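Participant: Okay, here's the prediction I keep looking at, along with the sequence it came from:
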Amino acid sequence: MNTSLRVENPWPGAGVYVRERTVSTMDDARDLARTGCPPGTVVVAGFQEKGRGRLPGRAWVSPPWESLLATVVLSARELRFPLPQLPLRAALAVSLAIEDAAGIPVRVRWPNDILFSGKKVAGILCEARGDTVLVGLGVNCAQREFPPGIAAGACSLLMASGRGPQVFALLSAVLGRLKEALDDGGWRERLLARLASMGAPARVDPLGSGESVEGIVRGIDADGALVLERGDGAMQRVRQGEIRAER
């Protein structure tokens, strides 16, 4: 089904494709990109059979229409900033949209998670292939509980605020904020104001091989790398990894 009646899309001429059920909105969006769809095209689904997270083997599981599950197609040629900034700009957009729609303060855990009171409420997954860039996002909206394996670290907008925004209304808010964030020259300052663990000790575990890095979180640089102050006072930039707060 192809409809844009219930979603406001700020990209002129870009469609919003609604799936009751799909394998993955990322896969659907990639297929649409191959057909030459315009930037800003969106796929949103009620249920994903194989929704995935940023790390291998990490799935996004959600009952039908209890989460916002969507992927936005963008063109790398139209982005006027380095690609490593994209997950952070998208995370800023989603955090602002959540604050708009649910009225709750949230934080961004570098590079792509949104937290409420330390619990994950949303995540971002960006993939690039050739000129096509995909921004996948998942926001927990209406869940009242989570499976035991993730319950301690997960939260929904309903649980956080007592009201879960309607999925299409939240998607409209996200798209509007994403369009702004892609052109926002002050995005880094706005993100730093919401950066989780800012000024606190943290450990960054590498993706793949390598050693963990520990230090005090001092911010992010213009390329989206996390800046840590090590014990010897030196500043170290970490371009990818999984951040964990130290107790």
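Facilitator: Nice, I can see it. Numbering: from 1, shown residues only.
Participant: Every contact and neighbour count from this point should use C-alpha atoms.
Facilitator: Will do.
Participant: So in this structure, where's the weakest helix or strand by average pLDDT?
Facilitator: One helix or strand of the chain scores below all others by mean pLDDT, DSSP states H and E: strand 242-245, with a mean of 83.
Participant: on contacts alone, who are the packing partners of that strand?
Facilitator: strand 201-205 (3 or more CA pairs under 8 Å, 6 or more residues apart in numbering; DSSP states H and E).
Participant: Okay, now the sheet partners of the helix or strand just after the strand it packs on, with direction.
Facilitator: Downstream of strand 201-205, the first helix or strand assigned by DSSP states H and E is strand 213-220. Counting by DSSP bridges, the strands paired with strand 213-220 are strand 201-205 (antiparallel), strand 226-229 (antiparallel).
Participant: Residue 183: which of the ones you listed is closest?
Facilitator: Distance to residue 183, taken as CA to CA, is lowest for strand 226-229 among the strands paired with strand 213-220, at 21.4 Å.
Participant: List the pairing partners of the least confident helix or strand of the chain within its sheet, with orientation.
Facilitator: strand 201-205 (antiparallel).
Participant: Can you tell me what sits against the partner strand?
Facilitator: 211-217, 238, 241-247 (CA atoms under 8 Å, 6 or more residues apart in numbering).
Participant: Show the contacting residues for residue 188.
Facilitator: Contacts for residue 188 (CA under 8 Å, 6+ apart) come out as 220, 222.
Participant: what's the helix or strand for it?
Facilitator: Applying DSSP H and E, one finds residue 188 within helix 187-192.
Participant: quick one on the thing from earlier: CA atoms only: put the least confident helix or strand of the chain into CSV for me.
Facilitator: Extracted in CSV, the C-alpha atoms of strand 242-245 (Å, rounded to 0.1, in the frame of the first residue of the first chain):
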residue,chain,number,x,y,z
GLU,A,242,29.7,0.5,21.9
ILE,A,243,29.8,2.9,24.8
ARG,A,244,29.2,1.7,28.4
ALA,A,245,29.1,3.9,31.5
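Participant: Tell me which residues of it come out buried.
Facilitator: By neighbour count on 16 or more other CA atoms under 10 Å, the buried set for strand 242-245 is 242-243.
Participant: Please apply the same query to stretch 20-36.
Facilitator: 22, 24-30, 32-33.
Participant: Could you give the separation of it from the chain centroid?
Facilitator: 18 Å (CA atoms, centre = their mean, to the nearest Å).
Participant: Stretch 127-136 now?
Facilitator: Taking mean C-alpha positions (CA atoms, centre = their mean), stretch 127-136 and its chain are 14 Å apart.
Participant: Equivalent analysis for stretch 27-41, please.
Facilitator: 19 Å.
Participant: May I ask you to confirm that residue 228 is in contact with residue 221?
Facilitator: No. With contact defined as CA atoms under 8 Å, residue 228 does not reach residue 221; the gap is 10.5 Å.
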